[in-house]
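Any chance you can model this:
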Amino acid sequence: VNGQFIFALSSGYILSTYNLTQFTLTQPVNSISNTGIVATPSEIVAIGDSGAISYSTDGVTYTSITPVTANNLKRIKKIGSVYYIVANGGTYLTSFDAITWTAKTVGNSANLMDIEADSTGTLFIIAGSAGYIATSPDANATTPIWTIQTSPVGTKLNQIFRNDANATRKYQIIGDSGVI
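Have a look, this model is predicted:
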């Protein structure tokens with residue numbers, strides 16, 4: 001927001017700076033462990049345990065958003081014009097404005113760790129515990145359809161990276177124990 005660097009600290013605080021020499025430490029209103037943060041030019045959204053979401057337009061004053069799940073929130077991303085949060089229990093949240101959230105499910109109780117989409121928004125991939133991978137043509141649909149994919153590993157998959165080089169869809173998924 002406004003040219004700031006923003007850092008989410010596990011202690012529940014948000015650290016912000018404009019110049020990397022002077023820092024401001026802010027505690028959002030929910031004051032629990034931060035598990036993720038996303039910043040756009042106009043807003044910051046921090047997430048945490050027990051469904052906690054905090055929203056700010058200036059990086060100083062945060063508003064607590066009413067939780068739509070009690071599950072621990074793991075990662076937040078803005079893909080196109082939609083915010084996505086993945087959570088434990090097979091739950092993920094979607095929002096167009098980072099204030100009003102809708103809870104959705106992938107159809108099982110996997111602890112979800114990341115979500116990504118191709119550059120056209122026609123293929124979404126979600127990854128999580130025990131090697132869970134699922135794909136959907138539209139994760140933001142009212143009733144999204146997720147297809148479970150066969151995973152070659154049984155370990156937790158933590159993060160998805162997309163590479164659209166040469167007009168091909170290639171994904172790398174990083175997991176526990178050095179799994180790629």
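
from here on, contacts and neighbour counts on C-alpha atoms
Fine.

Wait, a helix at D138?
No: counting by DSSP: H, G, I helix; E, B strand; the rest coil, one finds D138 to be coil, located in no helix.

I85 - how many residues pack around it?
The tally of other residues near I85 (other CA atoms under 10 Å) stands at 25.

Need the pLDDT of the residue nearest the centre of the chain.
What sits nearest the mean C-alpha location of the chain, by CA atoms, centre = their mean, is I76, with 1.8 Å. Here, the pLDDT recorded for I76 equals 93.

Could you do G3 as well?
The score at G3 is 69. That number is its pLDDT.

Could you measure from the closest residue to F96 other than its chain neighbours over to T94?
Distances taken as CA to CA, 6 or more residues apart in numbering put V82 closest to F96, at 4.8 Å, once the chain neighbours are dropped. Applying CA to CA, to the nearest Å, the value for V82 to T94 is 7 Å.

quick one, which of these two is more surrounded?
Between V82 and T94, counted using other CA under 10 Å, T94 has the larger neighbour count: 22 against 13.

how many neighbours does the residue nearest to that one when sequence neighbours are not counted have?
In space, not counting the residues next to it along the chain, T94 is nearest to Y84; the distance is 4.8 Å by CA to CA, 6+ apart. Applying other CA under 10 Å, we find 25 residues neighbouring Y84.

How many neighbouring residues does the nearest residue to E43 once chain neighbours are set aside have?
Once flanking residues are discounted, E43 sits nearest to T57: 4.3 Å by CA to CA, 6+ apart. Residue neighbour count, defined by other CA under 10 Å, stands at 17 for T57.

what's the answer for I173, then?
By the criterion of other CA under 10 Å, I173 has 18 neighbours.

Quick check: it touching N163?
No: under the criterion of CA atoms under 8 Å, I173 makes no contact with N163, lying 11.3 Å away.

All set now, cheers.
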